[in-house]
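# I need the structure of the sequence given here:
(3 chains)
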Amino acid sequence: MLQAVSQSAEEWRSVSQAISTLIEEASFEATPEGLNLRAMDPSHIALVDLRWPGAAFEKYSCDQSHTLTVRVEDLLKVMRRAEGNDKVEVRLGEENMLEFKLYDGYAREFEVHLVETQYAQSPLPKVPINISVKLTTKVLRKILSDIQTISDHISIKAESDKLVFTGKSEVGRASVTLTKDNSDVLELNVKEPGESTYSIEYLINFAKAISNADTVTVSFSAKMPIKLEFPLSQQGAAINFYLAPRVD
Amino acid sequence: MLQAVSQSAEEWRSVSQAISTLIEEASFEATPEGLNLRAMDPSHIALVDLRWPGAAFEKYSCDQSHTLTVRVEDLLKVMRRAEGNDKVEVRLGEENMLEFKLYDGYAREFEVHLVETQYAQSPLPKVPINISVKLTTKVLRKILSDIQTISDHISIKAESDKLVFTGKSEVGRASVTLTKDNSDVLELNVKEPGESTYSIEYLINFAKAISNADTVTVSFSAKMPIKLEFPLSQQGAAINFYLAPRVD
Amino acid sequence: MLQAVSQSAEEWRSVSQAISTLIEEASFEATPEGLNLRAMDPSHIALVDLRWPGAAFEKYSCDQSHTLTVRVEDLLKVMRRAEGNDKVEVRLGEENMLEFKLYDGYAREFEVHLVETQYAQSPLPKVPINISVKLTTKVLRKILSDIQTISDHISIKAESDKLVFTGKSEVGRASVTLTKDNSDVLELNVKEPGESTYSIEYLINFAKAISNADTVTVSFSAKMPIKLEFPLSQQGAAINFYLAPRVD
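As a prediction, this is how the structure comes out:
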């Protein structure tokens, strides 16, 4: 038995958009504590880790653990039908179906076939965190698009009081500097200065997918993976995204 | 001699969009009473029937019957040039040309070659009407898009006080229930309960094309054609659309 | 040494859009007096002539003449990153790079490689001007789109007190008449009546590209090139566009 009611469709929309950039089938783990999902993209460069505690739902009940695998494309199709104030109710139905009920006066029910998969949970990468910065998602999106103008990769260099983002290619060079004074920088902690380079496409897909997080916490160390943490609700739901560094 | 002046371009835009989903050449019958058009799509699944009485125009005069055949694509091109408050004047010009004058301060004239066709009017399908419902076009568009998420076909099941729309496919199942209480249901008359299934694509094209009808009357019987009636003006102009049921 | 600061990114955006419709590499001539660019499209049908005096910049300094050739695509990419109130600072950097700094609180720097070209300035076509009309760019865009509905070419016929724009094709005929009384006609001077025909695509690309000119001065003579002059600023910056007539 599983029943999970969300106040709005925003979280589901962000989650399905975000995981659609990495994987084609999503295995949600429903437990009495909440919904989780962890998955690595086929190239093993990026990993998504969703934590969605029961307390972050308007109503949540789950009597035993279930692994629920759906095609991400089906999930997206359903969530695109949600409008402004729609609530979302998810239930485990009969005949191996996952039920989605969208309602706000006008009620619609979608049942999606669960898919069989051999599911093995990926371990989280060990990421030492020497540099951590909390930004508005708005400025993160702008920086990534600015650098993408010139390059497919972004280098992030942290000094004690500023971050410098750069991209280089045959076309030329782009750079953006964010200092502690910038109003889009909410926190900046640099234990040890360093620089690291990442694929810009993965980062852009994630920053675009998350529609209901105003802020993001970015953590990394020199030449180590980067972690992006987007809060999905005030009750602790969050989606974490890990991306391997680019090694020249 | 033919001259027909419309207060706005909306009707022409709806009409040309709607018929463009079915046919490539449109034969309008102009008579002293008004403009009519009836055409079947090449697959003989759908039929459009336009009734546009002279009284629904700001000015209408026609001395004798004319069959005016134009390429629908040409008609669409011209109507896309109409803006907000443009009036539309249609006249039969010289040299086998149909003239369209769009004006609201800024006047433009378009002359489109009439096309020769062997025109034979299709008979209207005989549709017994056991179930009839008047809906907002807004909710019809939403239902069709909801069901299309899962399926290419829509089944409509009428009971005495409600309608259930469903779609099924390998992906799963979608359903929407409308009761008499729903504010988008303006009238519901069920003489005899029944269910029927139709191609969703035809219905969507029509519901999207009609931009200036707030309501639609949907009539059908079990396993019989469905009729959609969109009013185009308060003076009796209307476009009716018939679609054959899907037989498994 | 070259430094040019613009109050807004609008001029740069218009300029790069406009020249992108004709050429792939743009050679700006920077002199102590200002920035200029003159280039012909590969088919030798159209020529663009940009005059951008130093006084039209917020700040301009240039110690000696430079020819600065950039790929127009790179220029467009950078300028698309400019937002509402961004200032644009252009500088000649080291290592054959042209630097663009966009800023309005949030500062970004782009450096674009200069390209080597054999640059030879095209001479301006000699255009006798018998007919000259100053229009709003808004009405010019509408007329061009109206005529394009029917034809790829536009004929402009000037009489003493009006202009008639027409297009013909197998489809039919489109025409727009502008008289002196029309509020979109700011000036009309006809020394000698005449008619001429031009490719509509070139004209449309230009009229669309220029986003910050409210008016345009159109000059031509019968069967001679047409000149479109778009002012870019009140301090004399302007972009002129010449197009050869179509000879049947």
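
# Going by C-alpha atoms from here, please, whenever you check contacts or count neighbours.
Fine.

# Quick one: list the elements packing against the helix or strand of chain A with the lowest mean pLDDT.
Lowest on mean pLDDT, DSSP states H and E among the helices and strands of chain A sits helix A:10-20, with a mean of 93. Applying 3 or more Cα pairs under 8 Å, 6 or more residues apart in numbering or on different chains; DSSP states H and E, one finds that helix A:10-20 makes contact with helix A:72-80, helix A:200-209.

# Can you pull out the low-pLDDT segments for chain A?
A:248 (pLDDT under 70).

# Try it again at 80.
A:105, A:118-121, A:248 (pLDDT under 80).

# how about the residues of it near chain C?
Taking Cα under 8 Å from any Cα of the partner chain as the contact definition, chain A meets chain C at A:145, A:146, A:149, A:170, A:171, A:172, A:173, A:174, A:175, A:176, A:177.

# how far does the least confident helix or strand of chain A sit from the chain's center?
8 Å (Cα atoms, centre = their mean, to the nearest Å).

# domain ranges for chain A?
Following automatic domain parsing, chain A resolves into domains at A:2-113, A:131-243.

# To residue B:201, which of the ones you listed lies closest?
domain A:2-113 (16.9 Å; Cα to Cα).

# How far away from the center of its chain is that closest one?
With Cα atoms, centre = their mean, you get 14 Å for domain A:2-113.

# Endpoint to endpoint, that domain covers what distance?
15 Å (Cα to Cα, to the nearest Å).

# for chain B, what are the nearby residues on chain A?
So far as Cα under 8 Å from any Cα goes, chain A lies against chain B at A:74, A:77, A:78, A:81, A:97, A:107, A:108, A:109, A:110, A:111, A:112, A:113.

# Buried ones among the residues you listed?
Burial by neighbour count, judged by 16 or more other Cα atoms under 10 Å in any protein chain shown, picks out A:74, A:77, A:78, A:81, A:97, A:108, A:109, A:110, A:111, A:112, A:113 from the residues of chain A next to chain B.

# What is the most widely separated pair among those residues?
A:81 and A:97 (18.5 Å).

# List the neighbouring strands of the helix or strand hosting residue A:189 plus their orientation.
In the assignment (DSSP states H and E), residue A:189 maps to strand A:185-190. Counting by DSSP bridges, the strands paired with strand A:185-190 are strand A:131-136 (antiparallel).

# Centre of the chain to the strand it pairs with, how far?
The answer for strand A:131-136 is 16 Å, by Cα atoms, centre = their mean.

# Quick check: chain neighbours aside, which residue is closest to residue A:225?
residue A:244 (4.3 Å; Cα to Cα, 6 or more residues apart in numbering or on different chains).

# so how far is residue A:112 from that neighbour?
33 Å.

# For residue A:94, the count of nearby residues, please.
Using other Cα atoms under 10 Å in any protein chain shown, the number of residues around residue A:94 comes to 9.

# Next one: it relative to residue B:172, how far apart?
Taking Cα to Cα, one finds residue A:94 at 12 Å from residue B:172.

# and if you look at residue A:39?
24 Å.

# just to revisit the earlier point, show me just the buried residues among the residues of chain A next to chain C.
Buried among those (16+ other Cα under 10 Å): A:145, A:146, A:149, A:171, A:172, A:173, A:174, A:175, A:176, A:177.

# still on that earlier bit, mind picking the two most distant members of the residues of chain A next to chain B?
A:107 and A:113 (20.1 Å).

# which residue packs closest to the most centrally placed residue in chain A, ignoring adjacent ones?
Central residue of chain A (Cα atoms, centre = their mean): residue A:239, 4.4 Å from the mean position. Closest residue in space to residue A:239, ignoring its immediate chain neighbours: residue A:50 at 4.4 Å, by Cα to Cα, 6+ apart.

# My read is that that neighbour contacts residue A:34, right?
No. Here residue A:50 lies out of contact with residue A:34, judged by Cα atoms under 8 Å, at a distance of 10.5 Å.

# Distance check, the nearest residue in space to residue A:226 that is not next to it in sequence against chain C.
Distance criterion Cα to Cα, 6+ apart; nearest residue to residue A:226, sequence neighbours excluded, is residue A:220 at 4.6 Å. Per Cα to the nearest Cα, to the nearest Å, residue A:220 is found 23 Å from chain C.

# Which residues does stretch A:234-243 contact?
Applying Cα atoms under 8 Å, 6 or more residues apart in numbering or on different chains, the contact partners of stretch A:234-243 are A:15, A:45-53, A:55-56, A:125, A:198, A:202, A:206, A:225-232.

# The host helix or strand of residue A:36: which residues count as buried?
Taking DSSP H and E as the definition, residue A:36 sits inside strand A:34-40. Buried residues in strand A:34-40, counted by 16+ other Cα under 10 Å: A:34, A:35, A:36, A:37, A:38, A:39, A:40.

# can you check stretch A:37-54 too?
For stretch A:37-54, a neighbour-count test (16+ other Cα under 10 Å) marks A:37-40, A:45-54 as buried.

# How about stretch A:155-171?
A:155, A:156, A:157, A:158, A:159, A:162, A:163, A:165, A:166, A:167, A:168, A:171.

# how far does it sit from the chain's center?
23 Å.

# What separates the first and last residues of that stretch, distance-wise?
16 Å.

# Which residues does it contact?
By Cα under 8 Å, 6+ apart, the list of residues contacting stretch A:155-171 reads A:131, A:143, A:147-148, A:150-154, A:173-180, A:188-198, C:74, C:112-113.

# One more: stretch A:208-217?
Under Cα under 8 Å, 6+ apart, the answer for stretch A:208-217 is A:10-11, A:13-15, A:17-18, A:132-138, A:141, A:227-232.

# cool, and stretch A:133-150?
Outside stretch A:133-150, the residues touching it (Cα under 8 Å, 6+ apart) are A:153-154, A:165-169, A:171-176, A:184-189, A:200, A:203-204, A:207-208, A:213-219, C:77-78, C:81, C:108.

# Okay, buried residues for that stretch please.
So, applying 16+ other Cα under 10 Å, buried residues of stretch A:133-150: A:133-137, A:139-150.

# And stretch A:196-212, by the same measure?
A:196-207, A:209-211.

# from the middle of its chain, how far away would that stretch be?
Taking mean C-alpha positions (Cα atoms, centre = their mean), stretch A:196-212 and its chain are 9 Å apart.

# Can you report how many residues lie near residue A:218?
Neighbours around residue A:218, by other Cα under 10 Å: 21.

# That one is in contact with residue A:228, isn't it?
Yes. Counting by Cα under 8 Å, residue A:218 does reach residue A:228; the two are 4.7 Å apart.

# sorry, back to before: just the buried residues of stretch A:133-150: which are in strands?
A:133, A:134, A:135, A:136 (DSSP state E).
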